[in-house]
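**Q** predicted coordinates and the sequence they were generated for:
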Amino acid sequence: MEPHKVFISLTQQDSALAEALSEAFDSLFGALVLTRFSTSHRLESGIAHGEDWFDWIVTQVKECDFALILLTPSSVQKPWILWEAGAVHGAAIAAGGQGLRKVRPLLFQVDSEHLPSPIRDSKAQYRRGDRLGDVEALFREVRQQYLSEMDSRTQEKAFNDFNKAVKTYLDRVSAAMMSAPMLPTSTVIEEWRLRLDKLLSDNRQSEAEYLHDWMDVAFGRTSDDQPQPLDLRIHTRLADLYLKAKKYKRGIAQLTLAQQLAPRDIFVLRTLGRAYLESDDGENAKTIIDRIEQLDKNAFVRNAECAALAGRWYRERGNLQRAAEIYATALDANQQSHYLANLLGEVRVEAREIASAQDTFRRALAIIEQLREKNVWTLATSANAYFVLGSDDAAIAQLRDIHSRGTDAGSLSTIEDGLRKLSANLPDGAARLSGLVAALR
């Protein structure tokens with residue numbers, strides 16, 4: 001007689017749980033019930049060397065009497081579990097059976113509210129795979145399902161060895177779950193957010209990679225995994241750290257995950273567009289700019305950062321007129337933005353429209369005077385303005401103030417780059433630049 005097949009759906013990190021289940025079934029039901037799962041190394045229980053993995057899964061789904069879906073802190077973060085559960089359910093429906101009856105979720109250190117919504121909403125009856133009462137009920141249920149096909153010896157074993165099999169199984173589960181990854185609950189995510197915020201506030205972006213690695217260890221996310229979104233707060237902060245460290249590829253990867261969680265979040269899109277520009281990927285940057293415009297056609301007028309993004313894209317492609325139009329329109333809508341006034345002044349200097357640029361920088365100085373704010377960026381804008389207006393002593397005074405504030409190296413580099421770009425298009429700009437840079441340093 002052919003054995004009955006039980007398919008165990010799992011992630012690789014949960015192989016020990018599947019092995020524990022398989023051994024318990026062997027102990028109780030012998031050759032009558034054969035468990036199959038992809039990571040098994042037993043003969044006829046796993047995938048044969050060279051066999052097509054996808055075809056093997058499909059075959060097991062079709063042939064199994066039912067599937068045990070192992071839902072753990074690791075597997076609930078992986079979409080493949082949902083695919084296998086859906087495939088089992090669909091196969092049962094196609095064969096005229098009861099789909100939900102064929103899907104039997106087993107929970108390990110996971111509460112029902114943390115289940116993926118397709119499983120949580122399916123009304124499939126789940127049991128706890130790590131609790132005595134539920135495990136006993138599961139094993140009794142399987143025993144009853146196949147009792148009529150057991151010979152007397154197998155029946156005797158299935159009853160007499162029951163308690164021992166349950167205890168052995170639970171001992172193995174307990175040992176396996178000692179190394180289980182964290183579940184990304186709100187409390188856990190908040191703790192990691194605070195750790196990342198601390199790095200940001202302390203300008204310790206160079207430490208982002210090792211903290212990111214430790215986070216992956218905690219959540220059971222390996223380098224072989226297809227990256228899956230975890231939490232918007234985590235991805236945006238990691239992106240900020242990577243961008244500050246000029247590790248644009250890693251920053252883009254985090255922002256892409258954030259975008260999957262919040263595809264209509266213009267804040268995320270705006271930062272992603274800037275990251276693409278920083279990495280010289282103009283094509284993807286333009287895709288993001290177009291997407292922002294689809295979501296809000298006035299974004300580049302009402303929001304200074306969005307205007308800066310779009311204007312920079314045109315500016316870097318030599319379309320200084322279009323960049324100036326974007327900055328000017330946004331400045332008219334945001335009349336207290338010294339940031340936009342500075343950008344407009346810069347692009348007019350770059351276009352060698354010096355008189356117009358000087359008018360714009362006078363406007364920037366007037367805005368700053370009205371704001372009565374003194375910080376690194378108002379000082380930097382003032383320094384640019386005085387430089388363009390030919391008042392080098394006043395520019396040097398602003399730059400010395402910036403230096404005295406202990407400004408971080410990244411900001412100092414950005415300010416110096418701005419001065420160098422201005423100097424390239426100002427009369428005697430190159431000769432005047434050295435005194436300004438010395439003050440900044």
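**A** Done, it's in. Since we're looking at a predicted model, the values are computed, not measured. Residues are numbered from 1 along each chain as shown.

**Q** alpha carbons only for contacts and neighbour counts from here, please
**A** Noted.

**Q** residues contacting residue 342?
**A** For residue 342, the contacting residues are 360, 361, 364, 381, 384, 385, by CA atoms under 8 Å, 6 or more residues apart in numbering.

**Q** count the residues that sit near residue 186.
**A** Other residues within reach of residue 186 by the criterion other CA atoms under 10 Å amount to 9.

**Q** and if you look at residue 112?
**A** Applying other CA under 10 Å, we find 13 other residues in the vicinity of residue 112.

**Q** residue 405 too?
**A** Using other CA under 10 Å, residue 405 has 10 neighbouring residues.

**Q** next one: phi and psi at it?
**A** The phi and psi torsions at residue 405 (degrees, to the nearest 10) take the values phi -90, psi 0.

**Q** now do the one 3 residues further on
**A** According to degrees, to the nearest 10, the main-chain angles of residue 408 amount to phi -70, psi 160.

**Q** give the helix, strand or coil label for the residue lying closest to it once chain neighbours are set aside.
**A** The shortest distance from residue 408 to any residue that is not its chain neighbour, by CA to CA, 6 or more residues apart in numbering, is 7.6 Å, and that residue is residue 203. Secondary structure assignment for residue 203 (DSSP: H, G, I helix; E, B strand; the rest coil): coil.

**Q** how near is residue 203 to residue 196?
**A** From residue 203 across to residue 196, the span is 11 Å (CA to CA, to the nearest Å).

**Q** out of these two, which sits in the busier spot?
**A** Neighbour tally, residue 203 and residue 196, criterion other CA under 10 Å: the higher count belongs to residue 196, 24 against 16.

**Q** in the stretch 151-300 of the chain, where is pLDDT below threshold?
**A** Across the stretch 151-300 of the chain, residues meeting the criterion (pLDDT under 70) sit at 182, 222-227.

**Q** now do the helices in it.
**A** Assigned helices in the stretch 151-300 of the chain, in chain order: 152-160, 162-177, 186-201, 208-219, 232-244, 248-261, 266-278, 282-295, 299-302 (criterion: DSSP state H, counting those that start in this stretch).

**Q** turn those helices into TSV, including distance to residue 2.
**A** As requested, these are arranged in TSV below (distance: least, CA to CA, whole Å):
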stretch	distance to residue 2
helix 152-160	16
helix 162-177	24
helix 186-201	47
helix 208-219	41
helix 232-244	50
helix 248-261	46
helix 266-278	56
helix 282-295	56
helix 299-302	66
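
**Q** for the residue nearest to residue 408, phi and psi?
**A** When read as degrees, to the nearest 10, the backbone of residue 203 gives phi 50, psi 40.

**Q** go on, residue 10?
**A** phi -150, psi 170.

**Q** which pLDDT value belongs to it?
**A** pLDDT, residue 10: 81.

**Q** report how many residues lie close to the closest residue to it other than its chain neighbours.
**A** Distance criterion CA to CA, 6+ apart; nearest residue to residue 10, sequence neighbours excluded, is residue 70 at 5.4 Å. Residue neighbour count, defined by other CA under 10 Å, stands at 26 for residue 70.

**Q** are we agreed that residue 70 is in a helix?
**A** No. According to three-state DSSP, the state of residue 70 is strand, so it is not within a helix.

**Q** how far away is it from residue 130?
**A** 11 Å.

**Q** identify the contacts common to the two.
**A** Residues within reach of residue 70 and of residue 130 at once, by CA under 8 Å, 6+ apart, are 107, 108.

**Q** related to what we said a few turns ago, so how far is residue 36 from the residue nearest to residue 10?
**A** Applying CA to CA to residue 70 and residue 36 gives a distance of 13 Å.

**Q** kindly report the same for residue 280.
**A** As it turns out, when the distance is counted by CA to CA, residue 280 lies 49 Å from residue 36.

**Q** neighbour count: the two, which is higher?
**A** Residue environment comparison for residue 280 versus residue 36 gives the larger neighbour count to residue 36, 24 against 13, counting by other CA under 10 Å.

**Q** test my guess that the more buried one contacts residue 4.
**A** No. Taking CA atoms under 8 Å as the contact criterion, residue 36 and residue 4 are not neighbours in contact, 10.4 Å apart.

**Q** following element in sequence after the top helix by length along the chain, please.
**A** Of all the elements of type helix in the chain, the one with the most residues (DSSP state H) is helix 354-371. Using DSSP states H and E, the next helix or strand after helix 354-371 towards the C-terminus is helix 376-389.

**Q** so what does that following helix touch, helix or strand wise?
**A** Contacts of helix 376-389 with other secondary structure elements, assessed using 3 or more CA pairs under 8 Å, 6 or more residues apart in numbering; DSSP states H and E, are made with helix 338-350, helix 354-371, helix 392-404, helix 409-423.

**Q** between those helices, which one is closest to residue 185.
**A** For those, proximity to residue 185 was assessed by CA to CA; helix 409-423 is nearest, at 34.2 Å.

**Q** for the closest one, packing partners?
**A** Contact here means 3+ CA pairs under 8 Å, 6+ apart; on that basis helix 409-423 packs against helix 338-350, helix 376-389, helix 429-440.

**Q** reformat those as JSON lines; add distance to residue 109 and mean pLDDT.
**A** Converted to JSON lines, the helices and strands packed on helix 409-423 look like this (distance: least, CA to CA, whole Å; pLDDT from 0 to 100):
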{"stretch": "helix 338-350", "distance to residue 109": "51", "mean pLDDT": "96"}
{"stretch": "helix 376-389", "distance to residue 109": "49", "mean pLDDT": "94"}
{"stretch": "helix 429-440", "distance to residue 109": "56", "mean pLDDT": "88"}
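
**Q** excluding chain neighbours, what is closest to residue 435?
**A** Setting aside the residues directly before and after it, residue 435 is nearest to residue 396 in space (CA to CA, 6+ apart), at 7.5 Å.

**Q** which outside residues touch stretch 381-393?
**A** Contacts with stretch 381-393, where a contact means CA under 8 Å, 6+ apart, come from 338-339, 342, 357-358, 361-362, 364-365, 368, 394-396, 398-399, 418-419, 422, 426, 432, 436.

**Q** for stretch 317-325, that is, sorry about that
**A** Contact partners of stretch 317-325, identified using CA under 8 Å, 6+ apart, comprise 310, 311, 312, 313, 314, 315, 344, 347, 348, 350, 351.

**Q** domain map for the chain?
**A** Dividing the chain into domains by automatic domain parsing, as the record does, gives the ranges 4-177, 182-262.

**Q** is it possible to export the ones you listed to a markdown table including distance to residue 325?
**A** Output for these, formatted as a markdown table (distance: least, CA to CA, whole Å):
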| stretch | distance to residue 325 |
| --- | --- |
| domain 4-177 | 46 |
| domain 182-262 | 28 |
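
**Q** these two touch, right, residue 258 and residue 231?
**A** Yes. In this structure, residue 258 sits in contact with residue 231. The criterion is CA under 8 Å, and the distance is 7.4 Å.

**Q** the more surrounded of those two?
**A** The residue with the greater number of neighbours, taking residue 258 and residue 231 and applying other CA under 10 Å, is residue 258; the counts read 25 against 17.
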